[in-house]
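# Pasting the sequence and the predicted model now:
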Amino acid sequence: MISTPLLPIAVFILTLALLGWGYFRSRKFGKLGLLSWLQFVALMSPWLVYFGLFVSGVFINFTTLLFLLLGSTIAYVAISNQLRKAVSEERSAIEQKLKHDLDAASDRPNSVDNSTNKPPVNSPIAVAMSQGKTQLKLFKALPAEDMKLIQGIFGIETYSVTETIPYQEGAIFKGNLRGEPDVVHKRLTKSLSDRLSDKYNLFLVEGQDRKPVVIVLPSRVSNVDNNTIPQRILIWVLVVANAYTALNLGALVAGIPVVQEPQQYLAGLPFAIGLGIILGVRELAMRLMAKKYKVNMSLPFLLPSSQLGSFGAFSRISSPLPHRLSLFDIAIAPALASGVLSLLMLLVGLRLSAIGMGSIDIPSQIFQASVLAGTLAKLFLGDALHTSFISIHPLVVLGWLGSAITALNLMPAGQLDGGRIVQSIYGRRTASWTTVLTLIFLVIATVINPLALYWGGIILILLRDLERPMLNELSELDGDREALGVVALFWMLITLLPLTSGVAERLGIGSGGGLLP
């Protein structure tokens, strides 16, 4: 079993190893790769300093950590500006190269060569082929023969193309949508599959001008490998760390404030198993839903927490999502599964506590920390909450923590369940704004609970990005799913928000009428 000093040392060494590995990987991409690596260094530097000093026996206070995070954010923004400038310069160079090659092509006779059956140079197909050949030298773009076949899937009844732009290893087709998004996408996808089998994926998304855009990319480009050897090593390190924090918190619940001997962890084993069941149900529900839509997921990355035993886990989506409905179902499934299970545990625990089967004495004021827990506790325990301490069943703690884990993952940010729900219902732009607002809220919430800073750091470093474009991103959800998503977000709020002192006093929760520090 890992002792307390060894855990930060392991995290510190692992972080240094990942930084070194990232540096060697980024060098082959030149300036852009190194700038991207520096972005990662800027984000990780406060935690490297924190854990490095901790390993050395130096403990920095919360204010110093905030200044480190502020400096890290400023450095990240500065590097991001340099990265955007470098990307813009490289794009300009590529566009000039394309323009030069197209100008050279346009200087040739504008006529059809009957002997070779080639189209006029200025025809849309010729332009696309010319762009494809130039792109082939720069990006290994799709061959001219494939471009001709792809151009042939469009028509006035589905999608009328007005402009073709090389993009990565495929192409962007700008134009006008001629029907319902789901119908058009199905017809275009079928036509593309009939011509080129499963060689390419077709995306129907919203462009920068908010008009429908079709993107065609090779299937191998659309899939991401999220199960590399370094990631597998990190997953196992996180599993060990999560087991440690769960057992440690379980021992605390069992009445062992500080574990001094390895066998004392056995007292926390039932609690750790219960927490593992909640996390397992979350993962199982999500993966069953992903299997339904034939979506590949990475292995889960557990997030250890000394306060909650675990923050849950996150999994990357490795293959293209078919539509927004699939994103919603994959996001709501774990929230419903763990939320319902945790709520049942909480209700059963409160019932057992009410009939005198409580075995853990806690301050009654602690129920002021959540609108949901406080309201349910008042319903089951009644006037018993007027006293300073109350005896509760361990299921209350487990159910409450499970509810908190579910609610934290429902925050509307990035690739959290809540962020995916918002993206599937309201679209990419709204999801971007809710991510920023959630991070701002967490920064403010650190004044009340430092736990918000840790969770905000996890989102900022690992989960701030939205999901990649879906194959059909224009079709909207049905009303029932929208309502369910709103209910889930509301449930998140009443679980995480504390009772005000006035409401707690009227409910008679706690003798002091205020939140515990």
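Received, thanks.
# Just the mean pLDDT for stretch 356-370, thanks.
What stretch 356-370 shows for mean pLDDT is 82.
# Report the buried residues of it.
By neighbour count on 16 or more other Cβ atoms under 10 Å, the buried set for stretch 356-370 is Gly358, Ile360, Ser364, Gln365, Ile366, Phe367, Gln368, Ala369, Ser370. Any C-beta I mention is one placed from the backbone N, CA and C, and that applies to glycine too.
# What of stretch 251-270?
Ala251, Leu252, Val253, Ala254, Ile256, Val259, Tyr265, Ala267, Gly268.
# what's the offset of that stretch from the middle of its chain?
33 Å (Cα atoms, centre = their mean, to the nearest Å).
# now do stretch 270-277
Using Cα atoms, centre = their mean, the distance from the centre of stretch 270-277 to the centre of the chain it belongs to is 25 Å.
# That one: which residues count as buried?
Of all the residues in stretch 270-277, those buried under the rule 16+ other Cβ under 10 Å are Phe271, Ala272, Gly274, Leu275.
# what's the answer for stretch 194-213, then?
Across stretch 194-213, burial judged by 16+ other Cβ under 10 Å covers Leu196, Tyr200, Asn201, Leu202, Phe203, Leu204, Val205, Glu206, Pro212, Val213.
# Reformat those residues as JSON lines; add distance to Ile494.
Formatted as JSON lines, the buried residues of stretch 194-213 follow (distance: Cβ to Cβ, whole Å):
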{"residue": "Leu196", "distance to Ile494": "50"}
{"residue": "Tyr200", "distance to Ile494": "46"}
{"residue": "Asn201", "distance to Ile494": "40"}
{"residue": "Leu202", "distance to Ile494": "42"}
{"residue": "Phe203", "distance to Ile494": "37"}
{"residue": "Leu204", "distance to Ile494": "37"}
{"residue": "Val205", "distance to Ile494": "35"}
{"residue": "Glu206", "distance to Ile494": "33"}
{"residue": "Pro212", "distance to Ile494": "38"}
{"residue": "Val213", "distance to Ile494": "40"}
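# Could you export stretch 491-508 as CSV, CA atoms only?
The C-alpha atoms that make up stretch 491-508 are tabulated as CSV, following Å, rounded to 0.1, in the frame of the first residue of the first chain:
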residue,chain,number,x,y,z
TRP,A,491,-30.4,18.2,-10.0
MET,A,492,-26.7,19.1,-10.2
LEU,A,493,-27.4,22.6,-8.8
ILE,A,494,-29.5,21.4,-5.8
THR,A,495,-26.8,18.8,-5.0
LEU,A,496,-23.8,21.1,-5.0
LEU,A,497,-25.4,24.4,-3.8
PRO,A,498,-25.5,24.8,0.0
LEU,A,499,-28.5,25.9,2.0
THR,A,500,-28.5,29.5,3.0
SER,A,501,-28.3,30.2,6.7
GLY,A,502,-31.9,31.6,6.7
VAL,A,503,-33.4,28.5,5.1
ALA,A,504,-31.3,26.2,7.3
GLU,A,505,-32.6,28.1,10.4
ARG,A,506,-36.2,27.8,9.2
LEU,A,507,-35.7,24.1,8.6
GLY,A,508,-34.1,23.7,12.0
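# Go ahead and name everything in contact with that stretch.
Residues from elsewhere that reach stretch 491-508 (Cβ atoms under 8 Å, 6 or more residues apart in numbering): 339, 365, 367-375, 378, 383, 385-386, 403-404, 406-408, 410-411, 418, 448, 509-510, 513-515.
# burial of Ala452, as a residue count?
18 (other Cβ atoms under 10 Å).
# I'd like the average pLDDT over the strand or helix carrying it.
Under the criterion of DSSP states H and E, Ala452 resides in helix 451-458. This predicted structure assigns helix 451-458 an average pLDDT of 76.
# can you map out the strands along the stretch 351-500 of the chain?
Across the stretch 351-500 of the chain, reading from the start of the chain, the strands by DSSP state E, counting those that start in this stretch fall at 360-363, 389-392.
# wait, which of these is closest to Ala17?
Using Cβ to Cβ as the measure, strand 360-363 is the one of the strands of the stretch 351-500 of the chain that comes nearest Ala17, at 40.4 Å.
# wait, Pro363 sits on Ile392?
No: between Pro363 and Ile392 there is no contact, the gap being 10.9 Å when judged by Cβ atoms under 8 Å.
# sorry, back to before: elements contacting the helix holding Ala452?
For helix 451-458, the packing partners by 3 or more Cβ pairs under 8 Å, 6 or more residues apart in numbering; DSSP states H and E come out as helix 62-106, helix 428-445.
# Show me where the stretch 251-400 of the chain dips below the pLDDT cut-off.
Residue ranges of the stretch 251-400 of the chain with pLDDT under 70: none are present.
# still on that earlier bit, can you tell me which of the helices and strands packed on helix 451-458 the model trusts least?
Set side by side, the helices and strands packed on helix 451-458 give their lowest mean pLDDT on helix 62-106, at a mean of 66.
# picking up where we left off before, now render the strands of the stretch 351-500 of the chain as a markdown table, adding distance to Val77.
What follows is the strands of the stretch 351-500 of the chain, written out as a markdown table (distance: least, Cβ to Cβ, whole Å):
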| stretch | distance to Val77 |
| --- | --- |
| strand 360-363 | 43 |
| strand 389-392 | 46 |
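# what about those strands, which gets the closest to Gly309?
Taking Cβ to Cβ, strand 360-363 is the member of the strands of the stretch 351-500 of the chain nearest to Gly309, at 15.0 Å.
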